[in-house]
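**Student:** Would you be able to build a 3D model of this:
(chains A and B)
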Amino acid sequence: MTLTIATSLDEVLSAMANGARPIAGGTDLVVGARQGKVTLPADLVAIDRVTELATVATNDGTIRIGAGVTHADLLTNDIVVRQLTSIADAAALVGSPATRNVGTIGGNVMNGSPAMDTGAPLMVLGANAALTTPSGTREVALADLWTGPGQTSANADELCTALVLPQPPQSSGSAYVRLEYRRAMEIAVVGAAAAVTLDGDSISSVKVALTAVAPTIIEVDGLNSLVGSPANDKAFEAIAEAARQQARPISDLRASERYRRHTIGVMARRAAHAASVRASGQTIEVPVNRAFGIGENPENIR
Amino acid sequence: MSTNEQAVTLEVNRVSYAVQVPMGSNLSGVLRNTVGLTGTKEGCDDCECGACMVLLDGQPVNSCSYLAVQAQGRQITTVEGLADGDELHALQRNILEAGGVQCGFCTPGMLMSARALLDRTPNPTDDEIRIGLSGNLCRCTGYAKIIEAVRETAVQL
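**Tutor:** Below is the predicted model of the structure:
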């Protein structure tokens, strides 16, 4: 077994071409190995010191979040907080300060958990994963990347180098809300992200994605019928109903199927409401979960 | 040296330790059993409880779930690195005075999270203190006094 500490992308890619697997913060891989759920790969290449993976940049209408950007970095990045606010909502909820210091957005995406917090925000914001080998980079839509719990369509020699997103148009806002039983070291019981663009008071675009109610993060279909409708309680209830219908939750020790199906509607409604409020130019502090003290101020966000 | 071991140099509390580390070893185990600094505790071994918290380049990290070999080249700070010789760090004095140490098992991890918080945010609000300590569980549930100790330290420093 070997571990190579890489300082350049070329070093990482050539190690992976020779069979090494990447490790960033290790918050999924090492924990899984110590639980006996996974075996540590024979050869690892540490990518957490590759500075070219750790930047957020805008270029010609595109925002590129390096795969090595940590959750803590996402929370202090002005581009993310202002334009991709739902990703900041999600990053703020991941684990604890210690998890957020070493855990990365690329790791979250490539771990492929249906309960990952950054996945639904990335999906509603239209992100592609950039997958790189020594011979080049291809971009894959997240719906095509995630194939099942903990599974992706990426090849073993492909490194996720970035998440690539279109810059949201004016009058856009996004939000991520999750149901949680405690405020730290928690995994989403269910969660929902929404991205809304407004034309005056009416919806010109709306996307909603759901966390922990299917084998992967899923996007809610059929919301185009809401385009042109006012962004009001009626629209938010239609989104909640679509979320309840399209969710395919399981029962496990954390929640029953029935409870998840009910609460996914509540999360979708709150996310759509909060995204609409942000799209209208009002500020809701990050994360929405804390700002609204869900359950404490139901008049603020239902 | 077996092929599953790697020779690494770990910088712990500004001292270099040249050690042989089995590749899959976690940092907390190497700190306790190889380096011999047992202040860092192992509680859950599952990245949940924070008893193993150390600082890597000043940032809190769960050392139970961090590969020791991956810590090469980083400055590691453990609870043993808080005091200045026999002089306790203000956080240590205040947690004792506030009664924030009951069974004591969570204390090293709490202190390391609090140290990182105060380095970053010298005058934290109570909410910021709670978030800063949110990755640390106290089995005795003595949180109020621990938060009081951090608050008092912020006033003193």
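
**Student:** list the contacts for the spatially most central residue of chain A?
**Tutor:** Nearest to the geometric centre of chain A sits A:Thr118, at 1.7 Å (Cα atoms, centre = their mean). Applying Cβ atoms under 8 Å, 6 or more residues apart in numbering or on different chains to A:Thr118 gives the contacts A:His71, A:Leu74, A:Ile87, A:Ala90, A:Ala91, A:Val94, A:Ile105, A:Asn108, A:Val109. C-beta coordinates here come from the backbone N, C-alpha and C atoms, glycine included.

**Student:** Which of the residues you listed sits closest to A:Ser171?
**Tutor:** Set against A:Ser171, the nearest of these by Cβ to Cβ is A:Ile87 (18.7 Å).

**Student:** So that closest one: helix, strand or coil?
**Tutor:** Secondary structure state of A:Ile87, per DSSP: H, G, I helix; E, B strand; the rest coil, is helix.

**Student:** now it: how far from chain B?
**Tutor:** The gap separating A:Ile87 from chain B is 19 Å, by Cβ to the nearest Cβ, to the nearest Å.

**Student:** just checking, that residue touches A:Met123?
**Tutor:** No: with contact defined as Cβ atoms under 8 Å, A:Ile87 does not count as touching A:Met123 (10.8 Å).

**Student:** Tell me which of the two has more neighbours.
**Tutor:** Higher neighbour count among A:Ile87 and A:Met123: A:Ile87, with 33 against 26, using other Cβ atoms under 10 Å in any protein chain shown.

**Student:** give the contact list for the more buried one.
**Tutor:** Contacts of A:Ile87 by Cβ under 8 Å, 6+ apart are A:Ile65, A:Leu74, A:Val80, A:Ile105, A:Thr118, A:Pro121, A:Leu122, A:Leu125, A:Ser174, A:Tyr176.

**Student:** Contacts only, for the spatially closest residue to B:Leu91 that is not a sequence neighbour.
**Tutor:** Leaving aside its chain neighbours, B:Leu91 sits nearest to B:Thr153 (5.0 Å; criterion: Cβ to Cβ, 6 or more residues apart in numbering or on different chains). Contacts for B:Thr153 (Cβ under 8 Å, 6+ apart) come out as B:Ala90, B:Leu91, B:Asn94, B:Ala114, B:Leu118.

**Student:** In the residues you listed, which residue is surrounded by the most others?
**Tutor:** Neighbour max across these (other Cβ under 10 Å) = B:Ala114, 30 neighbours.

**Student:** Look up how far B:Val155 lies from that one.
**Tutor:** Counting by Cβ to Cβ, to the nearest Å, the gap from B:Ala114 to B:Val155 is 14 Å.

**Student:** Buried residues, the one helix or strand A:Ala235 maps to. List them.
**Tutor:** Of the helices and strands defined by DSSP states H and E, A:Ala235 is found in helix A:233-246. By 16 or more other Cβ atoms under 10 Å in any protein chain shown, the buried positions in helix A:233-246 come out as A:Ala235, A:Phe236, A:Ala238, A:Ile239, A:Ala240, A:Ala242, A:Ala243, A:Arg244, A:Gln246.

**Student:** Take the contacts of A:Ile87 and keep only those in helices.
**Tutor:** Here DSSP state H is the test, and these give A:Leu74, A:Val80, A:Ile105, A:Pro121, A:Leu122 as lying in helices.

**Student:** Any regions of the chain where pLDDT drops low?
**Tutor:** Let's take chain A. Chain A contains residues with pLDDT under 70 at A:292-302.

**Student:** let's do chain B instead
**Tutor:** In chain B, residues with pLDDT under 70: B:1-3.
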